[in-house]
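K.L.:
No letters, just coordinates:
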C-alpha cells in the first residue's frame, strides 16, 4: 500500500448550476481521495457511489476510471469526475492514520474540533446557497451520521443516512452481519438505495 499522504481533500462541487444534494463520507480513503485529492475518487467504496451518481444523471465519470479504480492512477492520468446537481465531501477532511500506513476511523475529538465544525458549516452554507429549495444531505457511515446529528448553526437541511459503502460497513449493516450474503449483492442493493435517495 502507498504511504498515506494526509492530503487535505476539498469538497467537490459542480462547476455551475444548482446543488440539490450533498453527500458526506467519513474521511478520505488511503488508496483513493488521499492520493487523488478528490472525494471518493479512487476509494474502494467510491466506485459504488459514483455509479449511483451516474445512474441518477448527477455525475460524469471517464469510462477508463472503472478499469482500475485507484486514486494515484487517476492523479497521474488527470482523470476527474464532473458533478451536476450534487456535491461531495467528508465529515473529516484528512485520511486518519496513526502510522501513515494504515487507515483508522476519525475520532470524536477530530470530528468535533472547532476548525472541522467550522469547515462543515461553511460547506453546508455554500451548498445551501446554490440550492433552490431545501438542501438534502446524505451521510455515509455511522461516524458521519453522528457528527451531523450534533451540528448546529447551519441552514436547515434534510438528513438521510446510509451505511458506509465499504465492505465492512455493508456487512455490519446487513441482517445477521451479512452471514450467507454475497458482498456484490450488498453493493448493488446499497447503490439502489442511494439511487432512490438521489432521485427523490
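P.N.:
Yes, it's here. Predicted model, so just to flag it, every value in this text is computed and none were measured. Residues are numbered from 1 along each chain as shown.
K.L.:
Centroid-nearest residue for the protein?
P.N.:
Centroid check for the chain by CA atoms, centre = their mean gives residue 25 as the closest residue, at 3.4 Å.
K.L.:
For the chain, which segments count as strands?
P.N.:
19-25, 59-60, 82-83, 85-90, 135-140, 157-162 (DSSP state E).
K.L.:
Report the inter-axis angle for the first one versus strand 135-140.
P.N.:
By that I understand strand 19-25. 20 degrees (axes from the mean of the first three to the mean of the last three CA atoms, to 10 degrees).
K.L.:
Against residue 37, how distant is residue 95?
P.N.:
11 Å (CB to CB, to the nearest Å). C-betas here are computed from N, CA, C, even on glycine.
K.L.:
Which one's more surrounded, the two?
P.N.:
residue 95 (26 against 20; other CB atoms under 10 Å).
K.L.:
For that one, give me its contacts.
P.N.:
4, 5, 6, 7, 27, 28, 29, 30, 33, 34, 103 (CB atoms under 8 Å, 6 or more residues apart in numbering).
K.L.:
Got a PyMOL select line for the buried ones in the residues you listed?
P.N.:
Burial among the contacts of residue 95 is assessed by 16 or more other CB atoms under 10 Å; the matching PyMOL selection reads:
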select buried, resi 4+5+7+27+28+29+30+33+34+103
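K.L.:
who touches both of residue 95 and residue 37?
P.N.:
Joint contacts of residue 95 and residue 37 (CB under 8 Å, 6+ apart) are residue 7.
K.L.:
In JSON lines: the strands of the chain, plus mean pLDDT.
P.N.:
Converted to JSON lines, the strands of the chain look like this (pLDDT from 0 to 100):
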{"stretch": "strand 19-25", "mean pLDDT": "97"}
{"stretch": "strand 59-60", "mean pLDDT": "97"}
{"stretch": "strand 82-83", "mean pLDDT": "98"}
{"stretch": "strand 85-90", "mean pLDDT": "98"}
{"stretch": "strand 135-140", "mean pLDDT": "96"}
{"stretch": "strand 157-162", "mean pLDDT": "95"}
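K.L.:
can you list contacts of the least confident helix or strand in the chain by mean pLDDT?
P.N.:
Across the helices and strands of the chain, mean pLDDT, DSSP states H and E gives its lowest value to helix 167-173, namely a mean of 80. Identification of contacts with helix 167-173 by CB under 8 Å, 6+ apart yields 44, 45, 140, 141, 163, 164, 177, 178, 183, 186, 187, 190.
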